[in-house]
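For reference, the sequence and a predicted model appear below.
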Amino acid sequence: MNVNVITPEETVFAGEAQRIQLPGSSGKFEVLQDHAALISSLAHGEVKITAGDRVENLMITGGFVEVLNNEVTVLAEGIVKQAVEK
């Protein structure tokens, strides 16, 4: 699936991923290939993107996510980026 994580200032991540874990307002959840369409608000917390053998960890301050037709768009209010190898 295609994942885009953007802030008002920049695109932080854009590419193919196998999964993305998100800090929803009501708790953490995960999106995989062929996930049902959804829009959700996001709380302050960690976004974990698995892309091949790489895991990208991002700390967001809140925002929204839209999932539609294997396209995941995260609109983050603010972000601090850290890359971690698996």
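It's in.

which intervals of the chain have sub-threshold pLDDT?
Under the criterion pLDDT under 70, the flagged ranges of the chain are 81-86.

any chance you could map the strands in it?
2-6, 11-16, 19-24, 27-32, 38-42, 45-51, 54-60, 63-68, 71-76, 79-85 (DSSP state E).

Including mean neighbour count, could those strands go into a markdown table?
Just so you know, the C-beta spots here come from the backbone N, C-alpha and C atoms, and that holds for glycine as well. A markdown table is the format used below for the strands of the chain (neighbours: other Cβ atoms under 10 Å):
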| stretch | mean neighbour count |
| --- | --- |
| strand 2-6 | 19 |
| strand 11-16 | 13 |
| strand 19-24 | 20 |
| strand 27-32 | 14 |
| strand 38-42 | 14 |
| strand 45-51 | 18 |
| strand 54-60 | 18 |
| strand 63-68 | 18 |
| strand 71-76 | 18 |
| strand 79-85 | 11 |
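
Could the C-alpha coordinates of stretch 54-67 be exported in PDB?
Extracted C-alpha coordinates of stretch 54-67, given in PDB (Å, rounded to 0.1, in the frame of the first residue of the first chain):
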ATOM      1  CA  ARG A  54      13.100  -1.000   7.300                       C
ATOM      2  CA  VAL A  55      11.000   0.300  10.200                       C
ATOM      3  CA  GLU A  56      10.400   4.000  10.400                       C
ATOM      4  CA  ASN A  57       9.400   5.400  13.800                       C
ATOM      5  CA  LEU A  58       7.800   8.800  13.900                       C
ATOM      6  CA  MET A  59       6.500  10.700  16.900                       C
ATOM      7  CA  ILE A  60       3.500  12.900  16.000                       C
ATOM      8  CA  THR A  61       1.700  15.500  18.100                       C
ATOM      9  CA  GLY A  62      -1.700  14.600  16.700                       C
ATOM     10  CA  GLY A  63      -3.500  14.900  13.400                       C
ATOM     11  CA  PHE A  64      -5.700  12.800  11.100                       C
ATOM     12  CA  VAL A  65      -5.500   9.700   8.900                       C
ATOM     13  CA  GLU A  66      -7.400   8.700   5.800                       C
ATOM     14  CA  VAL A  67      -7.300   5.100   4.400                       C
END
